[in-house]
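[1] My questions are about this predicted structure, shown below with the sequence.
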Amino acid sequence: MADADTRAAKRRRFTSPLVTIKVGADAESFTIHQADLAEHSPFFKAALDAKWREGQTREISLPEDEPDVVVIYLDWLSSKDVPLFLSESKTPDYTLLFKVYIFGDKVKDDAFCDRVLSMVCRGLDLKDAKGDVRSPAPSKLKFLYDRTLPSCPLRALIAQAYADRCEETWFDDSDGKSYSDCPKDFFFDMTKAFIKLRGESEVAGWYDRREQFFKQKPQL
């Protein structure tokens, strides 16, 4: 029965009507079988309902999206691969990765989002020649937080990654990276991640540790 269902699904991919997707301000056109869109994306499935104009004309306009982002999603539908290449020699293009994830969230394709998030994880595991991790710069964090909701799993991942690996010097702005413009929600998420990492630890009372906050430091 499962084999029959698989064969039927494959047949629909090649026999279903073509849909035209017009993307961006210049309305760049892409075509894809309707079955592919409807099977993986509740957003497109609803848009292509026959009671709507898009369903009748088989034409969907996405004027606020970018062709380079949408074509990555369309490629995923046919190949189940995300053609974004990560290199040990350079920092991942986190802006593009974030854009692609956000588009997947928009069209409600959870499997696609999970695939892109996996690629973000690969990027977070990369290190430069000095052995330093290639984390998203402050401007990338702002980009992500300005375009996602608090419940976004990608936010949680990035906050946890920072909590796991960040060093005090990351936030002193000495390397030209300013975290002062980062959304407060990022620091809130990172604080929660720190607390989760810390767990319930038994430490000395504050009175016993008071000298580290004195203006007059103890003489050694």
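    Yep, it's here.
[2] which is the next helix or strand following the helix-or-strand element of the chain with minimal mean pLDDT?
    Least confident helix or strand of the chain, by mean pLDDT, DSSP states H and E, is helix 2-15 with a mean of 56. Following helix 2-15 in sequence order, the next helix or strand is strand 18-23 (DSSP states H and E).
[3] Name every strand pairing with that next one and say which way it goes.
    strand 28-33 (antiparallel), strand 59-62 (parallel) (DSSP bridges).
[4] if you compare these, which one is most tucked away?
    strand 59-62 (a mean of 17; mean count of other C-beta atoms under 10 Å). In this view, the C-beta of every residue, glycine as well, is placed from N, C-alpha and C.
[5] Which residues does it contact?
    Contacts to strand 59-62, defined as C-beta atoms under 8 Å, 6 or more residues apart in numbering, come from residues Val19, Thr20, Ile21, Lys22, Val23, Gly24, Ala27, Phe44, Ala47, Leu48, Glu54, Val70.
[6] mind checking the SS state of the last one?
    Read it as Val70. helix (DSSP: H, G, I helix; E, B strand; the rest coil).
[7] now it, nearest residue through space, not along the chain?
    Excluding the flanking residues, the one nearest Val70 by C-beta to C-beta, 6 or more residues apart in numbering is Val23, at 4.7 Å.
[8] hang on, isn't the one you found packed against Phe30?
    Yes - Val23 is in contact with Phe30 according to C-beta atoms under 8 Å; the separation is 6.6 Å.
[9] Pick out the most distant pair among the contacts of strand 59-62.
    Across those, the longest distance by C-beta to C-beta is 20.1 Å; it joins Gly24 and Leu48.
[10] Look at these two and report which has more neighbours.
    Leu48 (22 against 16; other C-beta atoms under 10 Å).
[11] Kindly state the pLDDT recorded for the more buried one?
    Looking at Leu48, its pLDDT reads 95.
[12] Kindly report the same for Trp170.
    For Trp170, pLDDT reads 67.
[13] follow-up on the earlier one: next, format the strands paired with strand 18-23 as JSON lines and append mean pLDDT and distance to Met190.
    Formatted as JSON lines, these follow (pLDDT from 0 to 100; distance: least, C-beta to C-beta, whole Å):
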{"stretch": "strand 28-33", "mean pLDDT": "96", "distance to Met190": "38"}
{"stretch": "strand 59-62", "mean pLDDT": "97", "distance to Met190": "33"}
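[14] Compile the ones you listed into CSV and extend it with columns for distance to Ser178.
    Below are the strands paired with strand 18-23 laid out as CSV (distance: least, C-beta to C-beta, whole Å):
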stretch, distance to Ser178
strand 28-33, 35
strand 59-62, 33
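[15] Out of the ones you listed, which gets nearest to Glu168?
    Here strand 59-62 is closest among those (C-beta to C-beta), at 43.1 Å.
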